[in-house]
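> turn this into a model:
(chains A, B, C and D)
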There are 2 protein chains.
Amino acid sequence: MSYQNEITIKMEFKEAKNKFVQTWGALGSQWGINKTMAQIHALLMVSHEPVSMEDIMEELQISRGNASMNLRALMDWGIVYKEYKAGERREFFTAEKDLDELAVKISRERSKREIKPALKVLKEVSSIQSDNTEAEKHFVDQTTKLYDFVLKADNVLDKITEYKDNWLAKLVVKIMK
Amino acid sequence: MSYQNEITIKMEFKEAKNKFVQTWGALGSQWGINKTMAQIHALLMVSHEPVSMEDIMEELQISRGNASMNLRALMDWGIVYKEYKAGERREFFTAEKDLDELAVKISRERSKREIKPALKVLKEVSSIQSDNTEAEKHFVDQTTKLYDFVLKADNVLDKITEYKDNWLAKLVVKIMK
DNA sequence: TTAAACTTTCAAAAAAAAATGAAAGTTTGT
DNA sequence: ACAAACTTTCATTTTTTTTTGAAAGTTTAA
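Reported below is the predicted structural model:
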């Protein structure tokens, strides 16, 4: 294989990697996760070896502070880990690469951070006493239904996390009967 | 019941409604849906009767343009409907109130708008030819796994929408064995 | 056809969220 | 204990997203 070809292939890889990172970042934005956080995660997901903060900054063209804060956030979510290399002073980072484990962790965190607090409010507002106007009856009825629905959906997520290994495949089989 | 009590109860209702609308709006933000859009949806969800644009503007303290654009977006999502009242010039709006139907519509739209395009990119980037470096092998391997995973997850959503009635309850039963 | 009663559009303004970078903090080897 | 090598913090700046509001557009009734 010629030198020219080798360069061509290398470019292709870099382009593909970049496209993946950009796409994952954009998807993150649409799901309420900040772009850089999603990009760092994407980068670590497809990196063979642990990556230093310096390299992350370089590849994504972001500042040290930005990298630091988003890595911290990813570690708080439990989907990125710090690693220490023997004889190396600086820290390296790796992403959770097992996709089932990743899904489980994201589900758990979103449940804890967002769904549980929302449930609390739903319970609260659906508990106003009111057998008065139609409007009030409808409000209580609708928020109660919403509470039940969200609670059930949240429990499904909980159950899913118990399956751990291969829950998605099992789920597909069951759903399809 | 005294006049004073009636006022007290009315206030409680308004407070509860307001709290619900605010909470739903905040939840929307965290999930990549703009606050006003989520608030309008919340308002319509718990409203007994169709609501005019004027009333939405008044209750949420937003401009005409904002109300118009977000109502349009909600209708594009298929979860809010225009209604015409006999003899009335202006338009009224109602939300999809059946929660199963709501979940189905949101799933379908997010699949179409976000997941399908992401899948296309995943397929593309995982298809670079490369049996060269470890880094490239890992990239192809990981993006291929991600493609399979996202595809499966997306299919689960599709299957769920076929169940339509009560899919959630059935799912819970199945999951729990 | 006209005008009143509405709704929609979109350029500009405002608000919210994210990123920067320099100073402060921490850790490790000598 | 010191200083080199690194990371974190946070006030400020930048970018992105959302909102406004006035002009343009539409519909309906007379």
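
> residues contacting the spatially most central residue of chain A?
Geometric centre of chain A, nearest residue: A:I106, 4.8 Å, by C-alpha atoms, centre = their mean. By C-beta atoms under 8 Å, 6 or more residues apart in numbering or on different chains, A:I106 lies in contact with A:W77, A:I79. Glycine gets a C-beta too; all of them are placed from N, C-alpha and C.

> switch to 10 Å and redo it
Counting by C-beta atoms under 10 Å, 6 or more residues apart in numbering or on different chains, A:I106 touches A:W31, A:I33, A:W77, A:G78, A:I79, A:E96, A:L157.

> ok, of those, which come out buried?
Among the contacts of A:I106, those classed as buried by 16 or more other C-beta atoms under 10 Å in any protein chain shown are A:I33, A:W77, A:I79, A:E96, A:L157.

> can you count the residues close to the spatially closest residue to the second one that is not a sequence neighbour?
Spelled out, that is A:W77. Sequence neighbours aside, A:E109 is the residue nearest to A:W77 in space, at 5.4 Å (criterion: C-beta to C-beta, 6 or more residues apart in numbering or on different chains). Neighbour count of A:E109, defined by other C-beta atoms under 10 Å in any protein chain shown: 14.

> please save the CA atoms from whichever strand or helix holds A:E109 in CSV.
Here A:E109 is covered by helix A:99-110, with elements defined by DSSP states H and E. Extracted C-alpha coordinates of helix A:99-110, given in CSV (Å, rounded to 0.1, in the frame of the first residue of the first chain):
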residue,chain,number,x,y,z
LEU,A,99,-23.7,-0.1,26.5
ASP,A,100,-26.1,-2.0,28.7
GLU,A,101,-24.3,-0.7,31.7
LEU,A,102,-24.3,2.8,30.2
ALA,A,103,-28.1,2.7,29.7
VAL,A,104,-28.6,1.5,33.2
LYS,A,105,-26.5,4.2,34.7
ILE,A,106,-28.2,7.0,32.7
SER,A,107,-31.6,5.7,33.5
ARG,A,108,-30.9,5.6,37.2
GLU,A,109,-29.4,9.1,37.3
ARG,A,110,-32.3,10.6,35.3
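
> buried ones in the helix or strand just after it?
Once helix A:99-110 ends, the next helix or strand along the chain (criterion: DSSP H and E) is helix A:116-125. Using 16+ other C-beta under 10 Å as the test for burial, helix A:116-125 gives A:A118, A:L119, A:V121, A:L122, A:V125.

> domain assignment for chain A?
A:3-95, A:99-176 (automatic domain parsing).

> relative to B:A153, which of these is closest?
Closest to B:A153 of the domains of chain A, according to C-beta to C-beta: domain A:99-176, at 6.4 Å.

> thinking again about what came up before, how about the residue nearest to A:W77, what does it touch?
Contacts of A:E109 by C-beta under 10 Å, 6+ apart are A:D76, A:W77, A:G78, A:I79.

> now flag whichever of the residues you listed is closest to B:M45.
Nearest to B:M45 among the contacts of A:E109: A:W77, at 30.0 Å, using C-beta to C-beta.

> quick one, what contacts that closest one?
Applying C-beta under 10 Å, 6+ apart to A:W77 gives the contacts A:I33, A:M37, A:H41, A:E96, A:L102, A:K105, A:I106, A:R108, A:E109, A:R110, A:R113.

> how about the strands in chain A?
All strands of chain A, identified by DSSP state E, fall at A:51-52, A:80-84, A:91-95.

> packing partners for the first one?
Okay, so that is strand A:51-52. Here strand A:51-52 touches helix A:35-45, helix A:53-60, strand A:91-95, going by 3 or more C-beta pairs under 10 Å, 6 or more residues apart in numbering or on different chains; DSSP states H and E.

> again, 8 Å this time
strand A:91-95 (3 or more C-beta pairs under 8 Å, 6 or more residues apart in numbering or on different chains; DSSP states H and E).

> paired strands for the strand it packs on, with orientation please.
Strand pairing for strand A:91-95, determined by DSSP bridges: strand A:51-52 (antiparallel), strand A:80-84 (antiparallel).

> now render the ones you listed as a markdown table, adding mean pLDDT and distance to DNA strand D.
A markdown table is the format used below for the strands paired with strand A:91-95 (pLDDT from 0 to 100; distance: least, C-beta to the nearest atom of the strand, whole Å):
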| stretch | mean pLDDT | distance to DNA strand D |
| --- | --- | --- |
| strand A:51-52 | 95 | 6 |
| strand A:80-84 | 93 | 8 |
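
> highest mean neighbour count out of these?
Highest mean neighbour count among these (mean count of other C-beta atoms under 10 Å in any protein chain shown): strand A:51-52, with a mean of 18.

> please see if that one touches DNA strand C.
No. Using C-beta under 7 Å from any atom of the strand, strand A:51-52 stays clear of DNA strand C, coming no nearer than 14.8 Å.

> likewise for stretch A:81-93?
Yes. Using C-beta under 7 Å from any atom of the strand, we find that stretch A:81-93 touches DNA strand C at A:R89.

> end-to-end on that stretch?
This stretch, stretch A:81-93, spans 6 Å end to end (C-alpha to C-alpha, to the nearest Å).

> out of the buried residues of helix A:116-125, who's nearest B:D141?
Looking across the buried residues of helix A:116-125 and measuring by C-beta to C-beta, the closest to B:D141 is A:A118, at 37.7 Å.
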